[in-house]
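K.L.:
Can you look at this prediction? I've put the sequence above it.
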Amino acid sequence: MSDYFTEIFESKLSFNTEDEFNNLQSKIKSGNWVENQYNEAKMIMPNKKSWDKSNKDNSLLESQIIKPIVGMLNSIEGYGILYLGIDTNDKKGTRNNKFEKIVPILEDIIKDKPTLQGLIYQKSGGNLGIYPANSISPKIDITPVSFSNGNIFIITVKRVDNTNIYYSKITGKIYRRSNDITDALHLQEQIAFVESKRIARPTIFITPNWSDGKLCFKLSFLNKGNMIAKYISCRLHISTDPALKFEVYTKSTKAYKFKQPDGEIKLKKSDETITIQYIYDFVAGYPSLNSLYLYPELYMNLCDIYISGDNNIFSLRFDICEERGKTIQTFRYKLNDKNLKLLSSVDDSELKPYM
């Protein structure tokens, strides 16, 4: 929750007496809480028809809730907080971006948190659109603050995947927030914005099996992005105890420029099981060298790793660099009597800015 919530409401979620309400109104009026790139306030006027999910021409739902949420998710920061039930107009009716007073939302307009979730959430048929449609949904948390005559709702939103595009299902428009303004993108801005989200995301797909008494990891690239991957290079770090033996073989038709640097890298001991690191470099996806592009959702066989040894912990780290992005994947295993256990895995992707 934001600092605004802590400062304004002092973490209270209920104000039921007239004195509590009046004290809060005075605090709001004398405070210095303003809209900015992270915070926006909207007052919900009583008009029940405006919040009917079946009403496709829902201009108030669009402007008061969906537009600000979409704009925050599409912003550079990718997060923000929307305060529903706070007026930003002064007595003259002029919008000045300053939190002026509390105007609770009547329950016959927005009854409760589940009602508001139904208006917003993509998976419940709400009005927040996301592209691609099968993307991970953003984090949306709703905190109601109750009053004797209604509620206000504090909606915290945060983008999970930087490559997603958010839009309003009501109008089909893409909004983006900058400073304290949320604007719809014009055609040229939309094209540039969509292009900035397109990225190849080659990741390692590991299939373990046993062959001739040895553990064999079959490694493949899988492109989880939304565009073709090309100019791929990969560095494999194998961190292990010296007693564990690794043999690495490439698939000659798919990977090349494979090498192991001379010598070994002695690691600083964090425990007694991993003391040495081997590094291998290989590239794939260079058309000039007769390799294939890596298309989205297609596998490309890369290399095999044969491992022999027992009762040892080891880790595989892959630094995968592509034309416009980088992915680092780390897998930590324990090998014991032909039993392989995955102890942990970390996937960290980085999108280069569109120029």
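P.N.:
Sure, I can see it.

K.L.:
any idea of the pLDDT on residue 149?
P.N.:
Looking at residue 149, its pLDDT stands at 88.

K.L.:
change the start of the numbering to 759 and stick with it
P.N.:
I'll keep to 759 as the first residue from here, and by that count the last item is residue 907.

K.L.:
mind checking the backbone torsions on it?
P.N.:
The phi/psi pair for residue 907 (degrees, to the nearest 10) reads phi -120, psi 20.

K.L.:
Same question for residue 780.
P.N.:
The phi/psi pair for residue 780 (degrees, to the nearest 10) is phi -60, psi -40.

K.L.:
Doesn't residue 877 lie inside a helix?
P.N.:
Yes: when DSSP: H, G, I helix; E, B strand; the rest coil is applied, residue 877 is found to be in a helix.

K.L.:
With adjacent residues omitted, what lies nearest to it?
P.N.:
Nearest residue to residue 877, sequence neighbours excluded (CB to CB, 6 or more residues apart in numbering): residue 884, at 5.5 Å. In short, each C-beta sits where N, CA and C put it, glycine included.

K.L.:
can you pull out the helices in the stretch 809-958 of the chain?
P.N.:
817-819, 825-831, 871-878, 945-955 (DSSP state H, counting those that start in this stretch).

K.L.:
which one of these has the most crowded surroundings?
P.N.:
By mean neighbour count, with neighbours taken as mean count of other CB atoms under 10 Å, helix 825-831 ranks first of the helices of the stretch 809-958 of the chain at a mean of 26.

K.L.:
Of all the helices of the stretch 809-958 of the chain, which one comes closest to residue 925?
P.N.:
helix 825-831 (6.2 Å; CB to CB).

K.L.:
now the strands for the stretch 809-958 of the chain?
P.N.:
Remark: strands assigned in the stretch 809-958 of the chain by DSSP state E, counting those that start in this stretch are 837-842, 844-845, 859-860, 886-889, 897-905, 908-916, 923-926, 933-936, 939-942.

K.L.:
Each with direction, which strands does the second one pair with?
P.N.:
Using DSSP bridges, strand 844-845 pairs in its sheet with strand 859-860 (antiparallel).

K.L.:
Break the chain into its domains for me.
P.N.:
With domains defined by automatic domain parsing, the chain comprises 761-955, 960-1109.

K.L.:
Return the member of those domains having the minimum mean pLDDT.
P.N.:
Among those, domain 960-1109 carries the lowest mean pLDDT, a mean of 71.

K.L.:
what distance separates it from the middle of the whole chain?
P.N.:
Between the centre of domain 960-1109 and the centre of its chain there are 25 Å (CA atoms, centre = their mean, to the nearest Å).

K.L.:
ok, now stretch 955-973?
P.N.:
23 Å.

K.L.:
measure it end to end?
P.N.:
End-to-end distance of stretch 955-973: 39 Å, with CA to CA, to the nearest Å as the criterion.

K.L.:
tally of neighbours for the residue nearest to residue 785 when sequence neighbours are not counted?
P.N.:
Nearest non-adjacent residue to residue 785, counting by CB to CB, 6+ apart: residue 766, 6.8 Å away. Taking other CB atoms under 10 Å as the criterion, the count of residues near residue 766 is 21.
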